[in-house]
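Chemist: missing the sequence, but the structure's below:
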C-alpha cells in the first residue's frame, strides 16, 4: 500500500467563525470526498478532506498512514485540540492519493479528526465514487 499527501494547506485568510456556533459539535467531523480513478492505469483513491481546527493551533494537521480493514479504508488526521470550544477555526484542505493491490475492493473511507490527546476525536464515513 502507498499513500501520498499532495496538499495540506490552510485555505482561509482570516479566522473562520461559524454563523451559529451553538449548533456545532466540536471537534467538527472531517468533510471528505473520495473518488476512484486510474492515473497511468493504476487504480487510486483520490481523497479530499476539509478540516476545521481551532485557530489558536498554528500547526498543520498530519495524516497517519491509512489502514485497510476488509472493504474499508481508515484515515486519521491528527491535530492538537484544546478542550475548550474554539472562538474561531482555521479551515484546512488535505488531499491525498492512496493505492494498494486491493484498492478496488474499498467501498468506503472512514476518516477521523484525531486529537493528539485522544480524549476528543470525531469521525466520518464516506462512500467511494467510481
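Modeler: Yep, it's here. On a predicted model such as this, the values are computed, not experimentally measured, just so you know. Numbering: from 1, shown residues only.
Chemist: any low-confidence regions in the chain?
Modeler: For the chain, applying pLDDT under 70 flags the ranges 1, 117-127, 130.
Chemist: go with 90
Modeler: Applying pLDDT under 90 to the chain flags the ranges 1, 15, 20-22, 25-28, 56-59, 79-87, 113-130.
Chemist: can you give me the end-to-end distance of stretch 35-53?
Modeler: One end of stretch 35-53 sits 24 Å from the other (CA to CA, to the nearest Å).
Chemist: stretch 32-46 too?
Modeler: 10 Å.
Chemist: repeat for stretch 2-22
Modeler: 40 Å.
Chemist: who's in contact with it?
Modeler: Applying CB atoms under 8 Å, 6 or more residues apart in numbering, the external contacts of stretch 2-22 come out as 24, 52, 55, 60-63, 65-66, 85, 87-100. Any C-beta I mention is one placed from the backbone N, CA and C, and that applies to glycine too.
Chemist: center of the chain - which residue?
Modeler: Here the mean C-alpha position of the chain is nearest to the C-alpha of residue 49 (CA atoms, centre = their mean), at a distance of 4.4 Å.
Chemist: surely that one touches residue 29?
Modeler: No: here residue 49 does not reach residue 29: they are 10.2 Å apart, not a contact under CB atoms under 8 Å.
Chemist: which residues do the two both contact?
Modeler: Counting by CB under 8 Å, 6+ apart, nothing touches both residue 49 and residue 29.
Chemist: enumerate every residue touching the residue nearest to the centre of the chain.
Modeler: 30, 31, 32, 75, 77, 92, 93, 94, 95, 111.
Chemist: in this structure the fourth one contacts residue 109, no?
Modeler: Pointing back at residue 75 there. Yes: with contact defined as CB under 8 Å, residue 75 counts as touching residue 109 (6.4 Å).
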